[in-house]
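1. pasting a predicted model and its sequence here:
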Amino acid sequence: MPYRPTIGIPFHPAYTNAAFFQSIGRLQECQFNTLLLDCRYYDDEHLASLIKENMTIMDGLLLPGNPYDIDPKFYNEKIISHDLKIAPDDRLFNYQKAIFIAAEKLGMPILGICAGSNVINIVLGRKLEQYLPVNGNVNHDIDPRKGQLAHEVMIKKGTHLHDILQGKNNEDSRDFPMKVNSWHHAVNSNLANCLISSALATDDVIEAVEEKYPGNLNCFGIQFHPEYLQKEMTPTEFHQQNRILHAFKTSSTQFHFSRQVKQDIKRNKVNNLFFQKSSNQIKPTHQSLLKIKEMENDPIAKSMTLK
């Protein structure tokens with residue numbers, strides 16, 4: 001049976017609605033195990049130890065959107081728009097910040113959606129444009145739960161997102177358009193040094209970011225919502241954005257197996273499992289043969305190279 005990666009999802013119950021639980025159901029349909037992390041239980045005194053415990057369970061981190069705006073104080077600005085709906089509790093952002101830093105240190109796959117993408121940029125040292133006005137024919141603030149696609153974005157060539165959506169072996173290396181839903185008014189206006197833009201709207205709003213080498217190449221932020229995709233969309237539209245969730249699943253699964261092997265090496269189990277010394281010769285043990293057979297039958301473990 002295929003492995004189901006466990007993704008941690010920080011949340012605050014006061015910020016959840018039907019859309020939030022709809023997205024959780026969508027992720028479970030994509031064969032994720034979802035670990036909901038209630039930020040109210042993580043006070044300053046116990047935050048580090050609890051996050052460390054969560055890291056041992058998680059294979060990936062999902063920073064979801066929510067109905068509230070991130071307080072500009074977190075990126076050293078004052079509120080300049082009366083249209084902002086500031087979150088009344090700082091604990092969610094503080095927890096998202098702490099768990100993002102922990103996941104980054106491990107190289108864990110990270111997907112930030114909408115406000116989650118903004119969290120990534122803020123924690124990495126940059127700011128947001130607080131309230132995006134409607135510019136021409138591009139409306140970025142449309143409820144996507146009905147499956148409506150709001151506008152096009154241009155996916156940039158040479159980015160990991162381009163590879164995910166087009167396939168690494170696709171010979172077409174040009175920028176290409178993709179229709180997306182959209183439900184936001186804050187945007188990443190000034191990217192952190194380790195981030196690059198991988199998608200732009202026609203009004204030049206940054207719609208997707210990713211870390212560049214030598215950073216965490218499995219860290220992405222997107223302003224649109226693949227978790228709200230509906231079957232009312234055309235098969236092509238549904239399949240295209242669905243690839244983002246499947247890529248996140250693949251990288252989280254690979255992270256799980258990679259960490260498992262590293263832990264075995266650290267505990268000196270792999271050497272004991274694969275080889276034993278006898279009469280100045282190295283011979284495989286019975287357990288090593290079983291382990292090799294197991295890895296040969298596992299497509300992900302099989303593709304890994306131990307160094």
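-> Yep, it's here.

2. flag the shaky bits of the chain, pLDDT-wise.
-> Counting by pLDDT under 70, the low-confidence segments of the chain come to 133-136, 144-147, 168-172, 230-232, 269-307.

3. and the residue most central in space within it, helix, strand or coil?
-> Taking C-alpha atoms, centre = their mean as the criterion, L111 is the residue nearest the geometric centre of the chain, at 1.2 Å. For L111, the secondary structure call by DSSP: H, G, I helix; E, B strand; the rest coil comes out as strand.

4. ok, now D43?
-> D43 carries the three-state label coil when classified by three-state DSSP.

5. tally of neighbours for it?
-> Here the neighbour count serves as a burial measure; for D43 (other C-beta atoms under 10 Å) it reads 12. Heads up, the C-betas are built off the backbone N, CA and C, glycines and all.

6. next one: it relative to V153, how far apart?
-> 39 Å (C-beta to C-beta, to the nearest Å).

7. returning to what we had before: tell me how far the residue nearest to the centre of the chain lies from Q148.
-> For L111, the distance to Q148 (C-beta to C-beta) stands at 22 Å.

8. ditto for L128
-> Shown here: L128 relative to Q148, a distance of 25 Å by C-beta to C-beta.

9. pick out whichever of those two has more residues nearby.
-> For L128 versus Q148, the count of surrounding residues by other C-beta under 10 Å is larger for L128: 23 against 15.

10. so the more buried one is in which element?
-> Using DSSP states H and E, L128 sits within strand 127-129.

11. count of neighbours near A201?
-> For A201, the number of neighbouring residues by other C-beta under 10 Å comes to 22.

12. give me phi/psi at it?
-> Geometry field for A201 lists phi and psi as phi -80, psi 170, criterion degrees, to the nearest 10.

13. name whatever forms a beta bridge with it.
-> Under the criterion DSSP bridges, A201 forms beta bridges with V153.

14. mind listing the helices for the stretch 101-250 of the chain?
-> Along the stretch 101-250 of the chain, the segments classed as helices by DSSP state H, counting those that start in this stretch run 115-123, 160-166, 235-266.

15. counting by contacts, list what the second one packs against.
-> Packing partners of helix 160-166 (3 or more C-beta pairs under 8 Å, 6 or more residues apart in numbering; DSSP states H and E): strand 151-155, strand 176-180, strand 195-201, strand 206-211, helix 235-266.

16. output the ones you listed as a markdown table; include the columns distance to F74.
-> Output for these, formatted as a markdown table (distance: least, C-beta to C-beta, whole Å):
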| stretch | distance to F74 |
| --- | --- |
| strand 151-155 | 26 |
| strand 176-180 | 26 |
| strand 195-201 | 17 |
| strand 206-211 | 17 |
| helix 235-266 | 25 |
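
17. what's the closest of those to T34?
-> With C-beta to C-beta, the closest approach to T34 among the helices and strands packed on helix 160-166 belongs to helix 235-266: 11.7 Å.

18. so which bits of that closest one are buried?
-> Judged by neighbour count (16 or more other C-beta atoms under 10 Å), helix 235-266 contains these buried residues: 237, 240-242, 244-245, 247-249, 251-259, 264.

19. for N121, which non-adjacent residue is closest in space?
-> Residue nearest to N121 in three dimensions, not counting chain neighbours: N188, with 4.4 Å by C-beta to C-beta, 6 or more residues apart in numbering.

20. correct me if wrong: that neighbour contacts V209.
-> Yes: with contact defined as C-beta atoms under 8 Å, N188 counts as touching V209 (6.2 Å).

21. now for these two: what residues contact both?
-> By C-beta atoms under 8 Å, 6 or more residues apart in numbering, N188 and V209 have these common neighbours: 117, 121, 195, 221.

22. quick one: which of those is nearest to N139?
-> Taking C-beta to C-beta as the measure, S117 is the one of the shared contacts of N188 and V209 closest to N139, at 18.5 Å.

23. wait, doesn't that closest one sit right on G221?
-> Yes: the pair S117 and G221 qualifies as a contact (C-beta under 8 Å) at a distance of 2.9 Å.

24. just give the closest residue to G107, not the sequence neighbours.
-> Nearest one to G107, counting by C-beta to C-beta, 6+ apart, is N216 at 5.3 Å.

25. contact partners for that neighbour?
-> Taking C-beta under 8 Å, 6+ apart, one finds 104, 107-108, 110 in contact with N216.

26. which of those residues fall in strands?
-> I110 (DSSP state E).

27. of the contacts of N216, grab the buried ones for ChimeraX.
-> Burial among the contacts of N216 is assessed by 16+ other C-beta under 10 Å; the matching ChimeraX selection reads:
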select :104,108,110
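
28. let me see the contact set for F100.
-> With contacts taken as C-beta under 8 Å, 6+ apart, F100 has the following neighbours: 61, 63, 110, 119-120, 123.
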